[in-house]
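S.K.: Let me see the structure of the following:
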Amino acid sequence: MRRTVAVERKGSRGVALVAVATFVLSGAGIALAMHGGPDHLFGTGAFGNIELVGRLQVTNTPDLVADVAVSPDGQWAFLANWGRPTCAANSEAGGQNNPDAGVWVVDISDLSDPKLAGFIPSHQDSRPGEGMQVLALDTKFFTGRVLVMNNEQCGKNGKGGISLWNVTNPRKPVKLSEHFGDFNPPDANDIHSTFAWQAGDKAYAVIVDNFEGTDVDILDITNPRRPRLIRELDLDAMFPQITQIQLGLVQIFLHDVVVKQINGHWIMLLSYWDGGFVQLNVDDPANPILIGDTDYTNPDPELLESAGVSLLPEGNGHQAEFTTDNQFFIGTDEDIAPYGATHFEIATGPNAGTYPSVPVPGAAPIVILPDQVLNGPVVYGGYGCPDSAPIPRPEDVPGYLVLVGPGEEKIIVLQRGPTGDPSAPEPACFPGEKAHQAVLAGWDAVLFVARHVVSAPPEPVPFCGSGGFVDEIVGVCTNHEAYHKLFNQAVSFTYPDGPAIGTIGAEIGATAAFDGWGYVHLFSNTLSGGKFPELDTYAIDEAHDAAFATGHGDLTVHEVATDPQDGKRAYLSYYAGGLRSLEIQCSSPADISTCELVEVGGYLDENGNDFWGVEAFVRDGQTYILASDRDYGLFIFRRIP
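M.R.: Next up, the predicted model:
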């Protein structure tokens, strides 16, 4: 089910007012200069059952804000300062002279007038992102409130693991422990997200390990000053039945997780990307037991409707939460690449032929090119990270420019990583960072290639990472086999491998087609044949319209927060699509198969939004929603009964 929202469609396609909605704007008069850079959807404010209560601007830097967390008493908010996509120095850390990332502490005791109260700095070149949380702990070692935050490296001095802070007095946070996780000496692995809970007199945390993607790492944090790893579980290896590899869903890794006590048992709900959503019983966290999982519907229910043809599901299980009544859970698929790569070929040389390819989330799609085709000769540029060997300029590659014909692009080939390459000890980086180096060197497009470290070479579907883009540059990903064949080399999945930087390769040709943005799933929380049945899906209208594939920001869903009072309500952070409020409506209350997701409200600012995180909490019997805008700061909403 989808409902059109009041938006002005602006940008390269002009302006068309398509709907009007009345709204309440508490705190109107606050000057907003939210969104520089890419165009966004522009709305008319709050509508339906959502009312804007207050907001706080903490930055003028695009893409600086990440997740949001709320204290158990609903009096304090915590905003993750994610740091610039390029890992460049950031001088906006709560007004302090801190070069990197951290957490803004916000006093929300007056919901209509939130105030910045402090800043918790991260270690140099480390940054928090998703899964930040505040919980009350009461163990024999500690009583108080703990802020749990992840750490991802962004530079040579970065550190991973989780950090735990005593925020019982949020104005005076005290470090309990930091950078603990699954260790790959000398440091803990990067952590993308984390979730903590207390069960009886024990407390635990589960972490999302970037370096060992299929792992579920569980820590005992009963003494938050001395966490310890108690279980490292490779979910994919232990329970292969959770995957749908036959549908091409092969990017299997843990992305997010929550834990909740349901009917006397502790249940872990894991978002396992192409593996779908998985539940484990963690009554004994050191020995989890598989309960069941979800399967992606084939053909894809949303892409089928948007494209008019049957398309395979894309996976991308990003984050999920149980409803308050535990009857359902809602999962989000984050797909920020609305164009799927439909064809990739080596066009010349002895290895000419078609090879697997996928878009690179965050890169510009091929269709922005004048002829909507990426073609031309390629040059190998190495890893392309800021600390890697420099990418050559096209004019510095002898004989290259004369090979680039009319209508063709200058294309640099950059390998994912480095990871474990003895010839490249520098840290790995985001594909967007590599692309930025390519732009600086004068290249028109990047062909990313999967690193040689794959579980079952040749990999059926390549993966070259995502994110970190600050330039509009076309990017496509192919597998490691095609990488070697581009340069007429024997295919190798061990080091050393690859041609010399500056080597000219074959010509390529690639095209793409619109297949929509990421969307939302409603699942029954009652098992049927070992699976949790899917009941419905939801996406905003623009996610199905190729006219909004570029120039309007990211129109995929990101996160969901279920209502802590009402088991039939939930709230979505939808990036440039704003905040969306959903209701589960069932035409027959006795038949759960009749339940569907219906949009009943939301918010999209007249200047646009870019919402990352969303949290719901209760104060004085009212449900309030916090949303973090990446380019601005904190928004506070109230659900109108």
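S.K.: Check what pLDDT the closest residue in space to His484 that isn't next to it in sequence gets.
M.R.: Take His484 and drop its neighbours on the chain: the residue closest to it by Cβ to Cβ, 6 or more residues apart in numbering is Val491, 4.6 Å away. In short, each C-beta sits where N, CA and C put it, glycine included. Val491 carries a pLDDT value of 90.
S.K.: And Val491, how close does it get to Asn351?
M.R.: From Val491 across to Asn351, the span is 10 Å (Cβ to Cβ, to the nearest Å).
S.K.: picking that back up, for the residue nearest to His484, give me its contacts.
M.R.: Val491 makes contact with Pro458, His480, Glu481, His484, Lys485 under the criterion Cβ atoms under 8 Å, 6 or more residues apart in numbering.
S.K.: Quick one: classify Leu303 as helix, strand or coil.
M.R.: helix (DSSP: H, G, I helix; E, B strand; the rest coil).
S.K.: doesn't Trp517 make contact with it?
M.R.: No. Assessed by Cβ atoms under 8 Å, Leu303 is found out of contact with Trp517, at 10.0 Å.
S.K.: Neighbour count for these two, which is higher?
M.R.: Trp517 (30 against 24; other Cβ atoms under 10 Å).
S.K.: My guess is that one contacts Thr556. True?
M.R.: Yes. Under the criterion of Cβ under 8 Å, Trp517 makes contact with Thr556 at 4.1 Å.
S.K.: and for these two, which residues touch both?
M.R.: Common neighbours of Trp517 and Thr556 (Cβ under 8 Å, 6+ apart) are Asp335, Ile336, Pro338, Ala543.
S.K.: Now for the residues you listed: which two are most distant?
M.R.: Ile336 and Ala543 (11.0 Å; Cβ to Cβ).
S.K.: Overlap of the contact sets of these two?
M.R.: Trp517, Gly518, Thr556.
S.K.: now the strands for the stretch 101-250 of the chain?
M.R.: Along the stretch 101-250 of the chain, counting by DSSP state E, counting those that start in this stretch, strands occupy 102-107, 115-121, 126-127, 133-138, 143-150, 152-153, 162-166, 174-180, 183-184, 187-188, 191-199, 202-209, 215-220, 228-234.
S.K.: any idea which of these is most buried?
M.R.: strand 126-127 (a mean of 26; mean count of other Cβ atoms under 10 Å).
S.K.: re the thing from before, of the shared contacts of Trp517 and Thr556, which belong to helices?
M.R.: Applying DSSP state H to the shared contacts of Trp517 and Thr556, no entry is found in helices.
S.K.: now that we have those residues, which one has the most neighbours?
M.R.: Pro338 (27 neighbours).
S.K.: neighbours around the closest residue to that residue other than its chain neighbours, how many?
M.R.: Closest residue to Pro338 apart from its sequence neighbours, by Cβ to Cβ, 6+ apart: Ala549 at 4.5 Å. Using other Cβ under 10 Å, the number of residues around Ala549 comes to 20.
S.K.: Contacts only, for Ala549.
M.R.: Pro338, Tyr339, Pro365, Val367, Phe514.
S.K.: Widest-spaced pair of those residues?
M.R.: Farthest pair in those, by Cβ to Cβ: Pro338 and Val367, 9.8 Å.
S.K.: And the residue nearest to Asp215 when sequence neighbours are not counted, how far from Asp631?
M.R.: Spatial nearest neighbour of Asp215, chain neighbours left out: Asp209 (4.8 Å); criterion: Cβ to Cβ, 6+ apart. For Asp209, the distance to Asp631 equals 29 Å [Cβ to Cβ].
S.K.: Same question for Leu135.
M.R.: Leu135 is 29 Å from Asp631, by Cβ to Cβ.
S.K.: Who wins on neighbours among the contacts of Ala549?
M.R.: Pro338 (27 neighbours).
S.K.: Pretty sure that one sits against Leu555.
M.R.: Yes. Between Pro338 and Leu555 a contact is recorded at 7.4 Å, counting by Cβ under 8 Å.
S.K.: any common contacting residues for those two?
M.R.: Joint contacts of Pro338 and Leu555 (Cβ under 8 Å, 6+ apart) are Trp517, Ala543.
S.K.: and the next element down the chain from the least confident helix or strand in the chain by mean pLDDT?
M.R.: Within the chain, no helix or strand scores below strand 16-17, which has a mean of 26 by mean pLDDT, DSSP states H and E. Counting by DSSP states H and E, the element after strand 16-17 in chain order, helix or strand, is strand 42-43.
S.K.: just checking, next helix/strand downstream of that following strand?
M.R.: Per DSSP H and E, the first helix or strand lying C-terminal to strand 42-43 is strand 45-48.
S.K.: Output that next one in CSV with nothing but the alpha carbons.
M.R.: Provided in CSV are the C-alpha atoms of strand 45-48 (Å, rounded to 0.1, in the frame of the first residue of the first chain):
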residue,chain,number,x,y,z
GLY,A,45,5.8,19.9,6.4
ALA,A,46,3.8,17.6,8.7
PHE,A,47,0.7,15.7,7.6
GLY,A,48,-1.7,13.1,8.9
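S.K.: helices or strands up against the longest helix seen in the chain?
M.R.: Secondary structure of the chain per DSSP H: the longest helix is helix 431-441. The helices and strands touching helix 431-441, judged by 3 or more Cβ pairs under 8 Å, 6 or more residues apart in numbering; DSSP states H and E, are strand 411-415, strand 445-449.
S.K.: The residue nearest to Asp215 contacts Thr194, correct?
M.R.: No. With contact defined as Cβ under 8 Å, Asp209 does not count as touching Thr194 (10.1 Å).
S.K.: okay, the angle between the longest helix of the chain and strand 445-449?
M.R.: Angle between the axes of helix 431-441 and strand 445-449 is 140 degrees (criterion: axes from the mean of the first three to the mean of the last three Cα atoms, to 10 degrees).
S.K.: now what about helix 431-441, what contacts it?
M.R.: Counting by Cβ under 8 Å, 6+ apart, 85-87, 360, 362-363, 381, 383-386, 388, 390-394, 412, 414, 416, 446, 448, 464-471, 473, 475 sit against helix 431-441.
S.K.: what mean pLDDT does it have?
M.R.: In this model, helix 431-441 has an average pLDDT of 96.
S.K.: Much appreciated, bye for now.
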